[in-house]
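Asks: Just a sequence and a predicted model for now, questions to come.
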Amino acid sequence: SSGALQFVEKPFDLAAFGAAVQALLGPWRKQEGRGTLGALNAIDVVLSHCAANSSVIVDLQSGSRTGEIHIAGGQVLHAATGKLQGEDALREMLNWSKPRPGEKKPSAPPRRTITKWQVIVVEALRGAETEISEPRKAQPERIPPPAGKTVVVVDDTEMLLIFVEDILTTADPKLQITTALSGSEGLREIERLIPDLVLLDYSLPDFNGDELCERLLENERTAHVPVLMMSGHVAEMNAAAARFPNIVANQTNATAVAEKRNRAEAVS
């Protein structure tokens, strides 16, 4: 009746992250629009590089418009498009419809024209969510579809929480996502919700992810919940894999994780 625990090393590749989550939750629902992890908009691209602490120049093209977003050490420092520079340029590009992204390595440190990039990204995210939620036309009354699967994300980096939540809701808008910034808060939410999946950082401010996993196993109600651990602490995660018999430590072994999940769901 134990859950499955899988690891993704930080900074993680989007494809590896998507494959791991899909192995534990099952395939994404088919839908129009941004229904896969490969169909990312400008917000997703920026957040993915920031979450991975990248240093890169992101090239964007939307129709006849082109622009650049300069990221260094996971921080957005400069943006330019047409006659716009800095925060105005970043705000403009994050609202472009279906831009084609590219990237290149910076040849020199960028000049800083942006200081509050997080605020601009959050504003753009809220605008995108509002646009998606607005009905296109009146629909006849019908029984609402069942709520999607529940995911709890535990990480002490707020921007990573925003990124992961955006990626997951892009792939499946019906997912019910709850976030937590500490191990104790995450444990409370997991015990309250009994989610279908937990995305967990290893290093947390109060206690580490392996201790949270151990507490989940000690509780009969949460022992079957699958956990995907996201961390750069590879040695510590390998040690945890040696301690817990329910761990699937190979992040590429999606089939084994899915089988583990199915066995757990059959017992629960």
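Replies: Received it, and whenever you're ready, just let me know what you need.
Asks: Is D59 bridged to anything, and to what?
Replies: For D59, the beta-bridge partners are E68, G102 (DSSP bridges).
Asks: For the stretch 151-268 of the chain, which segments count as strands?
Replies: 176-180, 197-201, 227-231 (DSSP state E, counting those that start in this stretch).
Asks: And stretch 86-100, end to end?
Replies: End-to-end distance of stretch 86-100 (C-alpha to C-alpha, to the nearest Å): 20 Å.
Asks: can you tell which of the strands of the stretch 151-268 of the chain is closest to L90?
Replies: strand 176-180 (24.1 Å; C-beta to C-beta). The C-beta positions use only the backbone N, C-alpha and C, and glycine is treated the same way.
Asks: mind listing what's buried in that closest one?
Replies: Neighbour-count burial for strand 176-180, counted by 16 or more other C-beta atoms under 10 Å, picks out I177, T178, T179, A180.
Asks: ditto for stretch 165-185
Replies: Applying 16+ other C-beta under 10 Å to stretch 165-185 flags 165-173, 175, 177-185 as buried.
Asks: With stretch 147-161 instead?
Replies: By neighbour count on 16+ other C-beta under 10 Å, the buried set for stretch 147-161 is 148-157, 159-161.
Asks: what do you get for stretch 79-97?
Replies: Per 16+ other C-beta under 10 Å, stretch 79-97 contains these buried residues: 79-81, 86-96.
Asks: Inside strands: which ones of the residues you listed?
Replies: Secondary structure from DSSP state E places A79, A80, T81 of the buried residues of stretch 79-97 in strands.
Asks: outside of stretch 92-106, which residues touch it?
Replies: Outside stretch 92-106, the residues that touch it by C-beta atoms under 8 Å, 6 or more residues apart in numbering are 40-43, 45-46, 55-62, 65, 67, 69-70, 72, 79, 81, 84, 120-121, 124, 127.
Asks: Are any of those residues buried, and if so which?
Replies: 40-43, 45-46, 55-58, 60, 62, 67, 69-70, 72, 79, 81, 120-121, 124.
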